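# structure, please.
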Amino acid sequence: MIQVGFLLGAGASFPFGIPMMRQFYDQFVDYIRTTRAHCVPLIEKLADTTANPDLEILIKRLEQVRAIRSGLEILGDGGQGIAQQIGLAEELRGYLDMFLIETCEKFDVSKVKDKLSKLVEVASQCSASVFTTNYDRLFETAAA
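The predicted model follows:
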């Protein structure tokens, strides 16, 4: 029996108002600049100057900074300056998680059901699988 799978990425969500990674990054940085200005210096430190920054790069670098805390705890090094930067990275990651959730929930449910329910229905009838790499819940909504 042939197994069929549909892998859907950012392009599948974009028509429903979910931004692409670069737009997500730009919107998040604007949000931080206007609401959490004390985090701007950290974002500037974490920005990738060799490539176009996007949300995935920011997440990766925030996680790298946050991982330092456990190493410092093991070494017993309190390093106040570093500890403050790590704390700020943890705070920024919380804002990022909140921003992702809020942004990914802003879509027209009726439009999603109208446009994507057919794909979910066809996939179900053919015993196909639908996979997505996206943060949003468009396909979960369509399947409901």
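
# tell me where this protein is predicted with low confidence.
Counting by pLDDT under 70, the chain shows low-confidence ranges at 1-2, 48-51, 71-80.

# please, where are all the helices along it?
10-13, 21-35, 40-46, 55-75, 80-104, 109-125, 138-143 (DSSP state H).

# buried stuff in the first one?
Under the neighbour-count criterion of 16 or more other C-beta atoms under 10 Å, helix 10-13 has 10, 12-13 buried. C-betas here are computed from N, CA, C, even on glycine.

# residues making contact with that helix?
18, 20-21, 107, 132-134, 136, 138 (C-beta atoms under 8 Å, 6 or more residues apart in numbering).

# can you tell me how far the residue nearest to residue 7 when sequence neighbours are not counted is from residue 9?
Leaving aside its sequence neighbours, residue 7 sits nearest to residue 131 (C-beta to C-beta, 6 or more residues apart in numbering; 4.9 Å). Residue 131 is 10 Å from residue 9, where distance means C-beta to C-beta, to the nearest Å.

# quick revisit: inside strands: which ones of the contacts of helix 10-13?
residue 132 (DSSP state E).

# which among the contacts of helix 10-13 end up buried?
18, 21, 107, 132, 134, 136, 138.

# now the second one, nearest residue through space, not along the chain?
By that I understand residue 21. Leaving aside its sequence neighbours, residue 21 sits nearest to residue 54 (C-beta to C-beta, 6+ apart; 4.0 Å).

# one more: the third one?
Counting by C-beta to C-beta, 6+ apart, residue 16 is the residue found nearest to residue 107 once chain neighbours are left out, at 4.6 Å.
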